[in-house]
Structures are given as structure tokens and as C-alpha cells.
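S.K.: Model the structure of this input:
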Amino acid sequence: MDFVVIVVFSPTESTSAVLDALASAGAGRIGDYSGCSWSVTGTGRFTPEAGAQPAIGAVGTPEAVAEDRIEVVCRRDLARAVVTAMLEAHPYEEPAYHAYPVLTLDDL
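M.R.: Numbering: from 1, shown residues only. The predicted model follows:
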């Protein structure tokens, strides 16, 4: 079975809601475990440009926000639904995220 890792950056106060959305859509299942994730807190930086409607900050003003980098694994066939659920739960207008394939022991 093919898997992907999905990484998303969430403002710390929204991390629980984003994690719940990811898990509810099927991410974080590893063997007999569910809701598996990893996160670390850091600082996200951005400047909203003209036309933006930022959830945090103001257009033209650089912003620094406490954010969590969240990582989850999910089956490849669920990845689109998982990302869609994450985007719906995320407070940012344009969340930063990425997904990449997982190599298993059999692939090495």
C-alpha cells in the first residue's frame, strides 16, 4: 500500500482543530494506532500582500506567529480527502503545506 506524509504549518491555537480534521479524514493510522502525528513549535513569518484577507496580521505588515509544524502519514488514496479536510479546518487563507511519498523497507 502506498503512503504519503502530509506536513502543514498551523498557528498553535488552531493545532488541535487541524489535528482533529486530519485524523477524522483518515490520516495518522499506523498499524493498530490512530491519530498518530508529530509536531514541533516554531515561528512562522509572512507579509500579507495587496488582495490578501489575513486571519492574523494586516496587509503590508510583516508578521511573526507561533506555529506548529504538524506531520502525519496517510494512505495515498486518502491523501486528497485528508488535505481537503485540513484546509477546511485551517484558519489561514492560504495555509502552507506539502505532501511527499513514503518509501518503505520493501522499497529500499
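S.K.: Grab the nearest non-local neighbour of Gly35.
M.R.: The spatial neighbour of Gly35 that comes closest, neighbours along the chain excluded (C-beta to C-beta, 6 or more residues apart in numbering), is Ala23 at 4.5 Å. C-betas here are computed from N, CA, C, even on glycine.
S.K.: just checking, next helix/strand downstream of the helix or strand where that neighbour lies?
M.R.: Using DSSP states H and E, the element containing Ala23 is helix 15-24. Following helix 15-24 in sequence order, the next helix or strand is strand 38-46 (DSSP H and E).
S.K.: and that following strand with helix 15-24, angle?
M.R.: 120 degrees (axes from the mean of the first three to the mean of the last three C-alpha atoms, to 10 degrees).
S.K.: So in that sheet, which strands flank strand 38-46, and in what orientation?
M.R.: Strand 38-46 pairs in its sheet with strand 63-75 (antiparallel), by DSSP bridges.
S.K.: which residues are in contact with the helix or strand immediately after the strand it pairs with in the chain?
M.R.: Using DSSP H and E, the helix or strand that directly follows strand 63-75 along the chain is helix 79-89. For helix 79-89, the external contacting residues (C-beta atoms under 8 Å, 6 or more residues apart in numbering) are 4, 6, 8, 14, 17-18, 20-22, 24-27, 72, 74, 95, 97, 99.
S.K.: Appreciated, that's everything.
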